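S.K.: how would this look folded up:
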Amino acid sequence: MTTALNVLMLLAGLILILKGGDWFVDASVKIAKALKIPELVIGATVVSIGTTLPELLTSLTSVIKGMIAGNEQQMQGFTDIAIGNAVGSMMCNIGLILALVMIIKPQKAEGASFVSKGLFLLSVSALVVLFSITGGALVLWEGIILLVLFVAFMGANVYEALKKSGKIKGRKDTAKEPMYEESKSQDSDVKLDKKEKIKTALTFIIGAGCIAGGAIFMVNGVQDLCISFGIPEQIIAVTVVAIGTSLPELVTSITSLRKGNEDIGIGNVVGANIINATLLLGLVSVVTGRGLNIDAFTRNYVLWFMLGITAILVVPSLFTKKAGRVQGVIMMAAFITCVSLNVCSVLGVF
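M.R.: Predicted coordinates for the structure are as follows:
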C-alpha cells in the first residue's frame, strides 16, 4: 500500500473516530435521559467515558490485531501503539491541551471534587509508573488492579452525582462541578416516539461502528507507515495517534473556554486521564491474558514525564486553588521536551 493511501487511511480513521464519538455520546445521553437516569450520573459515566473512547478503541484494536498476528515481533509493534497511544494521550491531554487552556486563561482548581480527583489521578499515574519499572511490563494482575480502580472511580462519581442531586441522603453540594457540567441541559425529561427511538438507536449503533472502524483504520495506517519509513511504532503512537485521539478533549476544552465555561476544561481532562490510566491500560493488559511489555524508552522517559506533568498540574493547584499560566508553560515545555527526546531517540541522536 502506498504512503498516500496509508495517510488517507490514518486521516479517515481519525475522522470516523471523532464523528462516531459525537454520535455515540449524543445517542447515549438521549437514551439515558429517556430512561430517566439523572443527568449528573450521565455526566459521571457516559460523557466522561465517551471522550476517551477514541483512545480506548484504538489501543484495544491494536492489541487484538497483535494477538491475531501471532508473530512476537508484530505483537510488540502493536503493543507499542497501544501503550504509546494511552500514555501519549495522557501527556497530550495535560501537557498540550490543558496547558494551552491554562496559558490562555488560568483555571479554577478548588473544592473537594478537584482535590479527590486530582490526588486520585496522581496516585494512579504513579501506580502505572511503579508497575512498569518492576518488571518492564503491565502484567495481568496489575491490569486487574487498574480495572478495579476504574470501577471504584466510576462508583465514586455516581455516588457524588446522586448526592449532589439530592437523590441520596447526605449534604447536597451546590458548587459548580466541572466533571458533570457538560452533561447539563434544559431537556432533562426526554420522551422519544417510535421514530425517535429508531433514529436514536441507529445513531448509537452507527456511532459505535464508526469508532470501531476508525480505530482499525488508524492502527492499520500507523502500522503500514511505520513499516514504509522504518519508524518504530512507539514514536507515531505517542505523537500522531495520541494527539489525534485526544482531539475530543481539545475540542471540549477550547469550546468551553470560548463559551465562558472554562471550569469544564480541567474536569474533563482530569477525568479523561484517570480513565486512560485505569480502564484503557487495565483492559488492554487483561485482554492479552499475559499483560503488556513496555518498551525501554516509554518505561525510562515517557512515563516519568507523564507523572511529572501530572504532578505539576495537581500539587501546586492544591495550595493555590487554581491552575495558572506558569504551570501551563512548564507543563507544555515538559511535553515538548518529551516529544523531542522521543524523536531524537528514534533518529539515533542519543
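S.K.: Do you know the pLDDT at Asn281?
M.R.: Let me fix one detail, which is that residue 281 is Leu and not Asn. Looking at Leu281, its pLDDT is 91.
S.K.: Start at 278, not 1
M.R.: All set: I'll call the first residue 278, so the last point we hit is now Leu558.
S.K.: Show the contacting residues for it.
M.R.: Residues counted as contacts of Leu558 (Cβ atoms under 8 Å, 6 or more residues apart in numbering) are 360, 363, 405, 415, 420, 423, 569. Where C-beta positions appear, they are placed from N, C-alpha and C, glycine not excepted.
S.K.: now the one helix or strand it maps to, how far from the centre of its chain.
M.R.: Assigned by DSSP states H and E, Leu558 belongs to helix 558-565. Averaging C-alpha positions (Cα atoms, centre = their mean, to the nearest Å) puts helix 558-565 15 Å from its chain's average.
S.K.: helix or strand right after that helix?
M.R.: Counting by DSSP H and E, what follows helix 558-565 is strand 569-570.
S.K.: which other helices and strands contact that next one?
M.R.: For strand 569-570, the elements it packs on are helix 349-369, strand 414-415, helix 558-565, judged by 3 or more Cβ pairs under 8 Å, 6 or more residues apart in numbering; DSSP states H and E.
S.K.: Report the rounded mean pLDDT for the host helix or strand of Leu407.
M.R.: Secondary structure assigned from DSSP H and E places Leu407 in helix 388-410. Across helix 388-410, pLDDT averages out at 89.
S.K.: buried sites along it?
M.R.: For helix 388-410, a neighbour-count test (16 or more other Cβ atoms under 10 Å) marks 388, 390-391, 394-395, 397-399, 401-402, 404-406, 408-409 as buried.
S.K.: from these, which single one is nearest Ala311?
M.R.: Nearest to Ala311 among the buried residues of helix 388-410, counting by Cβ to Cβ, is Ser390 at 27.6 Å.
S.K.: where does the closest one sit relative to Val401, distance-wise?
M.R.: Ser390 sits 16 Å away from Val401, going by Cβ to Cβ, to the nearest Å.
S.K.: Quick check: buried residues in the helix or strand harbouring Ala438?
M.R.: Assessed by DSSP H and E, Ala438 sits inside helix 417-441. With burial defined by 16+ other Cβ under 10 Å, the residues of helix 417-441 counted as buried are 417, 419-420, 422-424, 426-427, 430-431, 434-435, 437-441.
S.K.: and that helix, what other elements does it pack with?
M.R.: helix 316-319, helix 388-410, helix 455-458, helix 540-552, helix 558-565.
S.K.: Can you name the next helix or strand after the third one?
M.R.: Using DSSP H and E, the helix or strand that directly follows helix 455-458 along the chain is helix 471-506.
S.K.: quick one: buried residues of that next one?
M.R.: So, applying 16+ other Cβ under 10 Å, buried residues of helix 471-506: 477, 480-481, 484-485, 487-503.
S.K.: same check, this time on stretch 359-377
M.R.: 359-377.
S.K.: Repeat that for stretch 556-573.
M.R.: 556-565, 568-572.
S.K.: gap between it and the chain center?
M.R.: Worked out by Cα atoms, centre = their mean, stretch 556-573 lies 16 Å from the chain centre.
S.K.: So in the protein, where's the weakest helix or strand by average pLDDT?
M.R.: Taking mean pLDDT, DSSP states H and E as the measure, the helix or strand of the chain with the lowest value is helix 455-458, at a mean of 43.
S.K.: Tell me where the stretch 528-627 of the chain has strands.
M.R.: Taking DSSP state E, counting those that start in this stretch as the criterion, the stretch 528-627 of the chain contains strands spanning 569-570, 599-600.
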